[in-house]
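> give me a model of this one.
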Amino acid sequence: MTGAAMDTDVIVVGGGPTGLTLAGELALAGVRAVVLERQPVRSGQSRALNLQPRTAEMLDMRGWLEPVLDRALTTVPTGHFAGIPLDYDVFDTAFPYQVGIPQARVEEFLEDNLAAYDVPVLRGHELTGLAQDADGVTATVATPDGTTRRLRAAYAVGADGARSRVRKEAHIAFPGRDGRLSMVVADIVLADNGTLPTQWPLPRYDARDEQLFLVPLGGGVFRFLFGGPEQQERDRDAPVTEDEVRAALRPAGGVRPELVEVRWASRFTDAARQAEQYRAGRVLLAGDAAHIHFPAGGQGLNLGVQDAFNLGWKLASVVTGRAGEDLLETYHAERHPVGAGVLRNTRAQGVLVHPDEDVHALRETVAGMLAQPDANRYVAGLVSGLGIRYPMPGAPPHPLLGARMPGVRLPDGRGRLLAPPRAPEDMLGPWRERVGLVADAATGADAVLVRPDGYVCWAGPPGEGTPRTALERWFGRP
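The predicted model follows:
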């Protein structure tokens, strides 16, 4: 198929939050994308229920947060580490909280947003094969009418979940370990007995035999998460029964909640795996296709969406010819360590939720540590995403380098700058039509160069010359 005409620029496989965010990023940059989604309709099931502060910041940079907040149920003032509270107020952010919103509502907004850019989301289209050559990729797709279709593009991105067909077709290894802890997540309807929670609590884990999490979603519907000795003995593929859910419901206010209906339920484990490479030639991975982990601390959806924000502008720059393919190498270099860090902290949280008296003693010890400001800031930075710092080789040292730029919004359809550029024009030279410099006394630098994903890639005074190395690395040669 070398030299064949392109049907689109990028094929995104997977219509969840990661794939839809990536397609939105590409659309903002004027890159054509097609989203392939195996499911014919959205299921309405919402495994994830939250947006962490860094995800909220990134959505806000694009002007997407306000419509998402309109769909949210609540805000949660703290994060948590295996149920131990974390204080987000220690960070310089406009969003020191979690946004409580079902995943389905996030997907609904992101898909509606794509419609404004005429980006097709082809539901009921299942990828059955993927090949690449020097010029592009060819996807073989099973369509809803039973026919087979072939799509040609410059690149393909797998955002198609833990059992990613894209990852398998690209022959990317997915090492790790299988699950050792088994739990159940369900959306259930409960009769109002006057004792049910009305606020979103933190998960509770005890030293006896159970881990419980009951969250009100409105209209009598609750998210119920539980796991005890019985769940450890069940087969991973065994259906979750009403009797199993009913038995796990603990008395509230002395009265056991009355189960009316189980909307949906499934089992999950603490399996932990990560793709060895996030890129194989013209094929890239993001979200659960690149990493799976125990859903502790509410990090999964956020990790995938942040993958998409990191990859989208880079892939767009390469597709449009503004940058060379070496820019794509920074995607794996930056996001693989972040994913590995989430696997580490969720595995640690998995240990802390095991029902065991010695583990309970360990939890009390860890809780005491996290009450210390420095420890809280470190762990809260991991869970919230606010502590991410990327390596920025070739740039002069500065406290902001590699860190997120608080409050930054970017121009040209991607938001607004924190402050009008005040640095001398000759600092940008031939790049001045493409980028801007944030200049504000609050940054501690006379000028700060910020990437499209909101991370500082150069900072310094105008007297030290132009940030040419950073401009060439992140924005391409003019």
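> quick check: buried residues in the longest strand seen in the chain?
For the chain, the strand reaching the highest residue count under DSSP state E is reported as strand 259-269. Neighbour-count burial for strand 259-269, counted by 16 or more other CB atoms under 10 Å, picks out 259, 262, 265, 267-269. All C-beta spots, glycine's among them, are computed from the backbone N, C-alpha and C.
> helix, strand or coil: sort out residue 343 for me.
helix (DSSP: H, G, I helix; E, B strand; the rest coil).
> ok, now which ones touch it?
With contacts defined as CB atoms under 8 Å, 6 or more residues apart in numbering, residue 343 is in contact with 176, 272, 274, 291, 293.
> now for the protein, the helix or strand with the poorest mean pLDDT.
Least confident element among the helices and strands of the chain, by mean pLDDT, DSSP states H and E: strand 437-440 (a mean of 60).
> and the very next helix or strand once past that strand, what does it pack onto?
Tracing the chain C-terminally past strand 437-440 and defining elements by DSSP states H and E, one meets strand 445-450 next. Packing partners of strand 445-450 (3 or more CB pairs under 8 Å, 6 or more residues apart in numbering; DSSP states H and E): strand 437-440, strand 456-460, helix 468-475.
> quick one: strand 445-450 to chain centroid distance?
27 Å (CA atoms, centre = their mean, to the nearest Å).
> so for that strand, what gets flagged as buried?
Here strand 445-450 shows 445-450 as buried, counting by 16+ other CB under 10 Å.
> now do stretch 81-91
Buried positions in stretch 81-91, judged by neighbour count with 16+ other CB under 10 Å: 81-84, 86-88, 91.
> how about stretch 145-161?
Applying a neighbour-count criterion of 16+ other CB under 10 Å, the buried positions in stretch 145-161 are 151-161.
> C-terminal to the strand or helix carrying residue 114, what's the next element?
Secondary-structure element containing residue 114, defined by DSSP H and E: helix 103-115. Read in the C-terminal direction, the helix or strand following helix 103-115 is strand 121-123, with elements assigned using DSSP H and E.
> ok, that following strand: who's next to it in the sheet?
Paired neighbours of strand 121-123 in the sheet (DSSP bridges): strand 33-37 (parallel).
> domain parsing for this structure?
10-175+273-350, 182-269, 393-478 (automatic domain parsing).
> now do the same end-to-end measure for the first one.
Distances were taken as CA to CA, to the nearest Å; on that basis the terminal residues of domain 10-175+273-350 are 37 Å apart.
> if we can go back for a sec, pull the most distant pair out of the buried residues of strand 445-450.
446 and 450 (14.1 Å; CB to CB).
> low pLDDT regions in the stretch 201-350 of the chain?
Of all residues in the stretch 201-350 of the chain, those with pLDDT under 70 make up the ranges 206-211, 252-254.
> show me where it has helices.
Using DSSP state H, counting those that start in this stretch, the helices assigned to the stretch 201-350 of the chain run over residues 229-233, 242-248, 300-319, 326-352.
> what lies in contact with the first one?
Translated: helix 229-233. Counting by CB under 8 Å, 6+ apart, residues outside helix 229-233 touching it are 181-184, 209, 244, 247, 267, 355.
> any chance of those in TSV, plus distance to residue 135?
Putting those into TSV (distance: CB to CB, whole Å) gives the following:
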residue	distance to residue 135
181	46
182	46
183	46
184	47
209	58
244	53
247	58
267	44
355	55
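> return the residues in contact with residue 259.
With the criterion set at CB under 8 Å, 6+ apart, residue 259 makes contact with 188-191, 242, 245-246, 249.
> what subset of the residues you listed is buried?
Neighbour-count burial (16+ other CB under 10 Å) is assigned, among these, to 188, 190, 245, 249.
> name the nearest residue to the second one, sequence neighbours excluded.
Going back to what we said before, that points to residue 190. Nearest in space to residue 190, with sequence neighbours left out and distances taken as CB to CB, 6 or more residues apart in numbering, is residue 257 at 4.7 Å.
> about what we covered before: now do the buried residues in the helix holding residue 114.
Using 16+ other CB under 10 Å as the burial criterion, the residues of helix 103-115 that qualify are 103-111, 113-114.
> over to stretch 183-199?
Within stretch 183-199, the residues scored as buried using 16+ other CB under 10 Å are 183-188, 190, 196.
> now the strands for the stretch 151-300 of the chain?
Remark: strands assigned in the stretch 151-300 of the chain by DSSP state E, counting those that start in this stretch are 155-158, 176-177, 182-190, 204-205, 211-218, 221-227, 259-269, 272-274, 279-280, 283-285, 291-292.
> what angle separates the fifth one from strand 182-190?
Right, strand 211-218. 30 degrees (axes from the mean of the first three to the mean of the last three CA atoms, to 10 degrees).
> same question, the longest one
Compare the direction of strand 259-269 with that of strand 182-190 by the same axes, to 10 degrees and you get 160 degrees.
> off-centre distance for strand 259-269?
For strand 259-269, the distance between its averaged C-alpha position and the chain's averaged C-alpha position is 24 Å (CA atoms, centre = their mean).
> likewise for the last one?
Relative to the chain's own centre, strand 291-292 is displaced by 11 Å; criterion: CA atoms, centre = their mean.
> ok, the fourth one next?
Here the centre of strand 204-205 is set off from its chain's centre by 25 Å, with CA atoms, centre = their mean.
> tell me which other helices or strands it touches.
strand 211-218.
> buried residues in the strand it packs on?
Neighbour-count burial for strand 211-218 [16+ other CB under 10 Å]: 211-217.
> run through the helices of the stretch 51-200 of the chain in chain order.
With DSSP H, counting those that start in this stretch applied, the stretch 51-200 of the chain shows helices at 53-61, 65-69, 103-115, 165-169, listed in chain order.
> wait, which of those helices is closest to residue 351?
Taking CB to CB as the criterion, residue 351 comes closest to helix 53-61 out of the helices of the stretch 51-200 of the chain, the separation being 25.0 Å.
> alpha carbons of the closest one, as PDB, please.
Listed next in PDB are the C-alpha coordinates belonging to helix 53-61 (Å, rounded to 0.1, in the frame of the first residue of the first chain):
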ATOM      1  CA  PRO A  53      -7.000  18.700  39.300                       C
ATOM      2  CA  ARG A  54      -4.400  18.500  36.500                       C
ATOM      3  CA  THR A  55      -7.000  17.100  34.100                       C
ATOM      4  CA  ALA A  56      -9.400  20.000  35.000                       C
ATOM      5  CA  GLU A  57      -6.500  22.500  34.300                       C
ATOM      6  CA  MET A  58      -5.900  20.900  30.900                       C
ATOM      7  CA  LEU A  59      -9.600  21.000  29.900                       C
ATOM      8  CA  ASP A  60      -9.700  24.600  31.100                       C
ATOM      9  CA  MET A  61      -6.800  25.500  28.800                       C
END
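> I'm done for today, thanks for sticking with me.
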